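J.: below are the sequence and a predicted model for it; my questions follow.
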Amino acid sequence: LKVVAVGGFGYHGTLLRGFVRHLGPRGHDWLGYLRFLLVPLGPHPVAQHLGSLDGRYGAAFLDPPWRELFGRTEPPPTEPFSVAGRILGFVAGAGVTLALPVAEAMLTCRDKFPDEDSCQKFVPFVGVRPRG
């Protein structure tokens, strides 16, 4: 099952958090059935990493017209290219997927007052390093 996630870095983080929280405890069996295809809107470190590994991905979503379109604060009066066409072309040709490491970091939150209890949160992330 291909899950196409179109959005910014924050949206993809929320999707990853839900995946880890709800499907992670069920074991690794789900990994054989799901393929997440990330379509970035705006700056995205994971997309930069994917673009460095896959030229076709980079050409579809990291070229100057794509970055310019989704880097604007206001929508353009006309669409300079077919956004849906690029996404559909990418999804149709996505036969090979790259395995990216998913990890969790434990954050401890403390209140301003030392006598208050602290809380712990687990935050999942994709473990890629920016190149550059």
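T.: It's in.

J.: work out the gap between the helix or strand harbouring Gly18 and the centre of the chain.
T.: Assigned by DSSP states H and E, Gly18 belongs to helix 9-23. Distance, stretch centre to chain centre, for helix 9-23: 9 Å (CA atoms, centre = their mean, to the nearest Å).

J.: next one: whatever helix or strand comes next after it to chain centre, how far?
T.: Counting by DSSP H and E, the element after helix 9-23 in chain order, helix or strand, is strand 35-40. Remark: strand 35-40 is offset 6 Å from the chain centroid, using CA atoms, centre = their mean.

J.: run through who's touching strand 35-40.
T.: Outside strand 35-40, the residues that touch it by CB atoms under 8 Å, 6 or more residues apart in numbering are 1-9, 12, 15, 19, 44, 46-47, 50, 61-62, 70, 87, 90-91, 94, 97. C-betas here are computed from N, CA, C, even on glycine.

J.: low-confidence ranges, the protein, go.
T.: 23-32, 99, 101, 103, 112-116, 124-125, 127-132 (pLDDT under 70).

J.: mind listing the strands for it?
T.: For the chain, the strands defined by DSSP state E cover 2-7, 35-40, 102-109, 119-126.

J.: Tyr57: which of those strands is closest?
T.: strand 35-40 (8.9 Å; CB to CB).

J.: name every strand pairing with the closest one and say which way it goes.
T.: strand 2-7 (parallel) (DSSP bridges).

J.: quick check: angle from the partner strand to helix 9-23?
T.: 140 degrees (axes from the mean of the first three to the mean of the last three CA atoms, to 10 degrees).

J.: look up how far Thr14 lies from the residue nearest to Phe61 when sequence neighbours are not counted.
T.: With CB to CB, 6 or more residues apart in numbering as the criterion, Phe61 has its nearest non-adjacent residue at 5.6 Å, and that residue is Pro40. As for Pro40, its distance to Thr14 is 14 Å (criterion: CB to CB, to the nearest Å).

J.: ok so, going back, what bridges to the residue nearest to Phe61?
T.: With DSSP bridges as the criterion, Pro40 is bridged to Gly7.

J.: what's the neighbour count on it?
T.: Number of residues near Pro40 (other CB atoms under 10 Å) recorded here: 25.
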